[in-house]
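[1] A predicted structure for the sequence below; I have some questions about it.
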Amino acid sequence: MSIRVLLVDDQPLIRVGFAAILGSAEDIEVVGEAGDGTAALPLVRQLAPDVVCMDVQMPGMDGIEATRSIIASGSEAAVLILTTFDRDDFLFDTLDAGASGFLLKSAGPEELIDAVRVLGRGDALLDPAVTRRVLGRVVGVPSGDAASGPPDHDAATGSAPAGGAPTGPQPAAPVAGSASAGRTAPGPVPPLTARETETLRLVARGLSNAEIAGELFVGEATVKTHVSNVLMKLGVRDRVHAVIWAFEHGLAG
């Protein structure tokens, strides 16, 4: 079954470029496009996409507010932020709004396709260019100078981030914000079983389901069950926000 994608960006050429890239993958189908958040919301309801590729700065309703509205609506769509602007406020505000992924537009075509696939299977990711800054907000890892202003718009198939950073999508790293960021339900957190706790620790280390299965000597289907139980008990939407919870409660590292 194809991953259904909705593209939301105020620049038509960017949408055309992303649609061409994603359309080259046999397992991805672009089902709609919108030029801003206001136009995107009814399309999310009508088209039921699996992934919404969302720009941040747009006229009218921006990507942060649109993401918040999509999550609040109860939609099962995962939001992948795609932005030119490597800025902390955009990064943390969109993740706090409930986005499951953050990728810079300087990423290559394969990184975009991989990112959609990651979110389409229910996982989360961060662009490797922002991972160290995200870690720094939670565990004090030096992050260097944060980007202070918006660069020029990149083409949809721009080059990899400068400075020799890895270009592939990375496992979800912890993000700043409260432990309730991305929660779907308030209230006390039910106790995790020993195996669920160990699974959460491994998720926080950035391991995939297959890698966790190898660590715990269980099947990948069993790991998926443990991860689903952890997300349900913590009341969080995805692995990104589970990792937030793990770091803020001393279960990571």
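    Perfect, I can see it now. Quantities reported herein were computed from a predicted structural model and do not represent experimental measurements.

[2] quick one: the strands in the stretch 1-150 of the chain?
    Along the stretch 1-150 of the chain, the segments classed as strands by DSSP state E, counting those that start in this stretch run 3-8, 28-34, 51-54, 78-83, 101-104, 125-126.

[3] the first one pairs with which strands, parallel or anti?
    When sheet partners are counted by DSSP bridges, strand 3-8 sits next to strand 28-34 (parallel), strand 51-54 (parallel).

[4] contacts for that strand?
    15, 18-19, 22, 27-37, 39-40, 43-44, 47-55, 58, 63, 66, 77, 116-117, 120 (C-beta atoms under 8 Å, 6 or more residues apart in numbering). (Glycine included, C-beta is placed from N, CA and C.)

[5] sorry, back to before: to Thr197, which of the strands of the stretch 1-150 of the chain lies closest?
    Shortest distance between Thr197 and the strands of the stretch 1-150 of the chain, using C-beta to C-beta, is found for strand 125-126: 23.2 Å.

[6] returning to that earlier point: any idea which of the strands paired with strand 3-8 gets closest to Leu91?
    Among the strands paired with strand 3-8, the nearest to Leu91 by C-beta to C-beta is strand 51-54 (13.2 Å).

[7] how far out from the middle of the chain is the closest one?
    On the basis of C-alpha atoms, centre = their mean, to the nearest Å, strand 51-54 sits 10 Å off its chain's mean C-alpha point.

[8] contacts for that strand, please.
    3-9, 18, 37, 40, 44, 63, 66-67, 70, 77-82, 94, 99, 116, 119-120.

[9] still on that earlier bit, which among the contacts of strand 3-8 count as buried?
    Buried by 16 or more other C-beta atoms under 10 Å: 15, 18-19, 22, 28, 30-37, 39-40, 43-44, 49-55, 58, 63, 66, 77, 116-117, 120, out of the contacts of strand 3-8.

[10] hmm, Gly32 and Leu47 touching each other?
    Yes - contact criterion C-beta atoms under 8 Å: Leu47 and Gly32 qualify, at 4.9 Å.

[11] mind saving the C-alpha coords of stretch 25-36 as PDB?
    Coordinates of each C-alpha in stretch 25-36 appear next as PDB, following Å, rounded to 0.1, in the frame of the first residue of the first chain:
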ATOM      1  CA  ALA A  25       9.200   6.200  -5.400                       C
ATOM      2  CA  GLU A  26       6.800   3.400  -6.100                       C
ATOM      3  CA  ASP A  27       5.500   3.200  -2.600                       C
ATOM      4  CA  ILE A  28       4.700   6.900  -2.200                       C
ATOM      5  CA  GLU A  29       1.700   8.800  -3.700                       C
ATOM      6  CA  VAL A  30       1.200  12.600  -3.600                       C
ATOM      7  CA  VAL A  31      -2.500  12.900  -3.100                       C
ATOM      8  CA  GLY A  32      -2.800  16.700  -2.800                       C
ATOM      9  CA  GLU A  33      -1.100  20.100  -2.500                       C
ATOM     10  CA  ALA A  34      -1.900  23.300  -0.600                       C
ATOM     11  CA  GLY A  35      -0.300  26.800  -0.500                       C
ATOM     12  CA  ASP A  36      -0.800  27.500   3.200                       C
END
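
[12] low-confidence ranges in the stretch 1-150 of the chain?
    131-150 (pLDDT under 70).

[13] tell me if I'm right that Arg195 and Leu216 touch.
    Yes - between Arg195 and Leu216 there is a contact under C-beta under 8 Å: 7.4 Å.

[14] surely Phe247 touches Ala204?
    Yes - if you go by C-beta under 8 Å, Phe247 and Ala204 touch, sitting 6.6 Å apart.

[15] give the residue spans of the stretch 151-253 of the chain that score low on pLDDT.
    151-190, 253.

[16] all strands of it, in order?
    Assigned by DSSP E, counting those that start in this stretch, the strands in the stretch 151-253 of the chain fall at 170-171.
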